[in-house]
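Engineer: Sequence unavailable; structure follows:
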DNA sequence: TTCTTAATGGCAAACGTTTGCATTCTCTGA
DNA sequence: TCAGAGAATGCAAACGTTTGCCATTAAGAA
């Protein structure tokens, strides 16, 4: 039905192989022939059929993106959108296509991955999360299938290419930042503890307060499931501990927004009565009221680098597994003030 | 290298064709043989090679998603994320894969589309926008390539399958809603006027105010480019007209957030001094402060339906081009109050 | 003029499937 | 016992490429 390499060959009076070589601009074909063939291609409206090529080259020039468990939530979160955007940009640069998992449960996603990998639909895979008790990564490793992770692998991190922030360090800096502002009652609201990012940041935070000889009761440490109802509960609890915190560290902008809303409902003013600092520097932090002080994790860059790494892996250069740590930086806006200047509520 | 249908055939002592037919569970193969072959498949760890099938079946079971111009912005906007989530869910149901454009300029996206379509990488395409002066849609129509649009096509809408809200009606209802609350100085902040959604809503709004014999000066009508700097400017201008508005209609939650921030900086309180209503009911509207009254455009549903339509188209049932209008409903939260109960600023 | 060699292009196999048609096998009924 | 029917399976071509190797041509050297 559509015009193939053979049609072009016939029309141009050359062999199909010649046409193919013109396509790849092989030096074995003379300029004259190339011109002739290209003209015929244009005239006939020829376009390469992808699957034909894939079949023989055993390469799809496509990378797969493995979403995390509930893509419902990932999609909601501008952090993932940024990641995708970065990946997308890098792929475009390298002329790779993108195929994303569509499953919405861990099981379904795993099946998607198998379909991608075994069905040879993709050359490599980017795993958008790092999580313990995950089946995808072991599966990929077992088959020696090229992949890179966003987030530090829970195990064998020397053997896996990954792109990540230094989350321990980042959390430390955040704590130092608040401590420098005079806060010593700091509430910590982390994310799902199955994810590496959560534990890393918590560790960093604990290191920092220990280094400053600050002791914090365990009821100042919370985990939030993405859900604003949860935020209300957590905020209530935090306000009811014996010495309530004067500052809060929240795992990302999105949850911070939920926390702010909950505080607002409790008539706690930000930053006058509570400082808040969060992670990711998504557009939300700029638009929040007040605008959020947040650590820029450079999610776009994270995505971009991960795709770059994968492509490099695929092009086969790499002998050892390199990893990339993307630096973080605190972006100061208006949600944090010095402890001394706060309103005294009593 | 990996195990093919032939390997399985040899091992099971049958012909490759038989294995293929077992794969598709053809009634022409006896149960006994099927069992035997399936056992061998399992033992050998066989998995179908996708490209091989594609080549002969001339169908990829993959749909392409065409992002709008600056995916940079689309990705930022939870509205698009929701769309994607809906598409993804439907695709998963129908066992289709997803391939998205990676280009970031109109030109690059167009090239991506050509690559998808001519390279036969996808069976059909979903265009995530409706815009005048667009090259993608004409291209698809010319080649009779199956596609569906999200948003009403600027032309030939009887000939194109699309999924959309009734934006004229929705805007009308929003206006009526505000009028019923007693507002008659209403500011309107639309989006990029190249997009159909923008013009449709504006039309609806104008109809509604005309129907109520309200006259509004043209300087109450603004268009916002996505960018919070712009929001400040627009807000300033709106506050400086002779009789400033008491209510604002904003084209989506995201921009509404920016507008709210700008108002806040001007010390205008919401809703006491200004009511705001927006579109899309993304999670942002729930988390805003105060939570936004917004019209739920059901973006997830929009995405889901569009993929459903496309699959139906591909399965070839459709003779005529059906379109789906997804209903909208105003979700009342706390950003709108009756004009009478507002603070008087003078 | 003849031989050598470099440049150019063609042949055909291969990639992993599917599918129309042909073949083989197993019954059934006379 | 055998023709014939129907069920089960096999054969081989086709899908659109790429690529190793061979064939042809032309040019240059002797």
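Structural biologist: Nice, I can see it. Every value quoted in this text rests on a predicted model; they were computed, and no experiment measured them.
Engineer: use CA for all of it now, contacts and neighbours both
Structural biologist: Fine.
Engineer: tally of neighbours for residue A:174?
Structural biologist: Under the neighbour criterion other C-alpha atoms under 10 Å in any protein chain shown, residue A:174 is assigned a count of 23.
Engineer: Dihedrals phi and psi, it?
Structural biologist: For residue A:174, the backbone dihedrals are phi -60, psi -40 (criterion: degrees, to the nearest 10).
Engineer: Let me know the pLDDT of it.
Structural biologist: Model confidence at residue A:174, given as pLDDT, is 98.
Engineer: Spit out the contact partners of it.
Structural biologist: Residue A:174 makes contacts with A:205, A:249, A:277, A:295, A:330, as judged by C-alpha atoms under 8 Å, 6 or more residues apart in numbering or on different chains.
Engineer: right, and residue A:48 touches residue B:117 too?
Structural biologist: No. The pair residue A:48 and residue B:117 does not pass the contact test of C-alpha atoms under 8 Å, sitting 10.5 Å apart.
Engineer: Neighbour count: these two, which is higher?
Structural biologist: Just comparing residue A:48 and residue B:117: by other C-alpha under 10 Å the higher neighbour count belongs to residue B:117, 22 against 16.
Engineer: Please report phi then psi for that one.
Structural biologist: When read as degrees, to the nearest 10, the backbone of residue B:117 gives phi -70, psi -50.
Engineer: And residue A:289, by the same measure?
Structural biologist: Torsion angles, degrees, to the nearest 10, at residue A:289: phi -130, psi 110.
Engineer: Just list the residues touching it, thanks.
Structural biologist: Residues in contact with residue A:289 (C-alpha under 8 Å, 6+ apart) are B:261, B:289.
Engineer: Check residue A:90 too.
Structural biologist: A:304-305, A:307-308.
Engineer: Report the inter-axis angle for the strand or helix carrying it versus helix B:78-94.
Structural biologist: Taking DSSP states H and E as the criterion, the element that holds residue A:90 is helix A:78-94. Comparing the axes of helix A:78-94 and helix B:78-94 via axes from the mean of the first three to the mean of the last three C-alpha atoms, to 10 degrees yields an angle of 80 degrees.
Engineer: For the next helix-or-strand element following helix A:78-94, buried residues please.
Structural biologist: Scanning forward in sequence from helix A:78-94 by DSSP H and E, the next helix or strand is strand A:97-100. Using 16 or more other C-alpha atoms under 10 Å in any protein chain shown as the test for burial, strand A:97-100 gives A:97-100.
Engineer: Check which residues of the helix holding residue A:90 are buried.
Structural biologist: By 16+ other C-alpha under 10 Å, the buried positions in helix A:78-94 come out as A:78-92.
Engineer: where does chain A dip in pLDDT?
Structural biologist: For chain A, the stretches flagged by pLDDT under 70 are A:1, A:70-76, A:226-228, A:317-319, A:344-346.
Engineer: Now do the helices in it.
Structural biologist: Counting by DSSP state H, chain A has helices at residues A:5-12, A:16-23, A:31-44, A:50-57, A:71-76, A:78-94, A:106-118, A:136-142, A:167-180, A:196-211, A:228-240, A:253-265, A:283-287, A:299-315.
Engineer: right, and those helices - which one's nearest residue B:109?
Structural biologist: Checking these against residue B:109 by C-alpha to C-alpha gives helix A:78-94 as the closest, at 10.0 Å.
Engineer: Write down the beta-bridge partners of the closest residue to residue A:256 other than its chain neighbours, one by one.
Structural biologist: The spatial neighbour of residue A:256 that comes closest, neighbours along the chain excluded (C-alpha to C-alpha, 6 or more residues apart in numbering or on different chains), is residue A:250 at 5.7 Å. Beta-bridge pairing for residue A:250 (DSSP bridges): residue A:189.
Engineer: Next, find the distance separating residue A:250 from residue A:67.
Structural biologist: Residue A:250 sits at a distance of 23 Å from residue A:67 (criterion: C-alpha to C-alpha, to the nearest Å).
Engineer: before we move on, back to that, between helix A:299-315 and the helix holding residue A:90, find me the angle.
Structural biologist: Between helix A:78-94 and helix A:299-315, the angle formed by their directions is 40 degrees, by the same axes, to 10 degrees.
Engineer: Identify the residues contacting residue A:302.
Structural biologist: Contacts of residue A:302 by C-alpha under 8 Å, 6+ apart are A:83, A:86, A:150, A:163-164, A:326.
Engineer: ok, those vs DNA strand D, which is closest?
Structural biologist: Within those, proximity to DNA strand D (C-alpha to the nearest atom of the strand) peaks at residue A:86, which comes in at 28.4 Å.
Engineer: what does the stretch 151-300 of chain A put close to chain B?
Structural biologist: The stretch 151-300 of chain A comes close to chain B at residues A:228, A:257-258, A:261, A:283, A:287-289, as judged by C-alpha under 8 Å from any C-alpha of the partner chain.
Engineer: out of these, who has the most neighbours?
Structural biologist: By neighbour count, taken as other C-alpha under 10 Å, the most surrounded of those turns out to be residue A:257 (27 neighbours).
Engineer: now it, nearest residue through space, not along the chain?
Structural biologist: With C-alpha to C-alpha, 6+ apart as the measure, residue B:287 is the residue that lies nearest to residue A:257, at 6.1 Å, once sequence neighbours are left out.
Engineer: any idea how far that neighbour lies from residue A:256?
Structural biologist: Counting by C-alpha to C-alpha, the separation of residue B:287 from residue A:256 is 10 Å.
Engineer: How about residue A:61?
Structural biologist: Using C-alpha to C-alpha, residue A:61 is found at 39 Å from residue A:256.
Engineer: So for these two, which sits in the more crowded spot?
Structural biologist: Neighbours were tallied for residue A:61 and for residue A:256 using other C-alpha under 10 Å; the higher tally belongs to residue A:256 (27 against 19).
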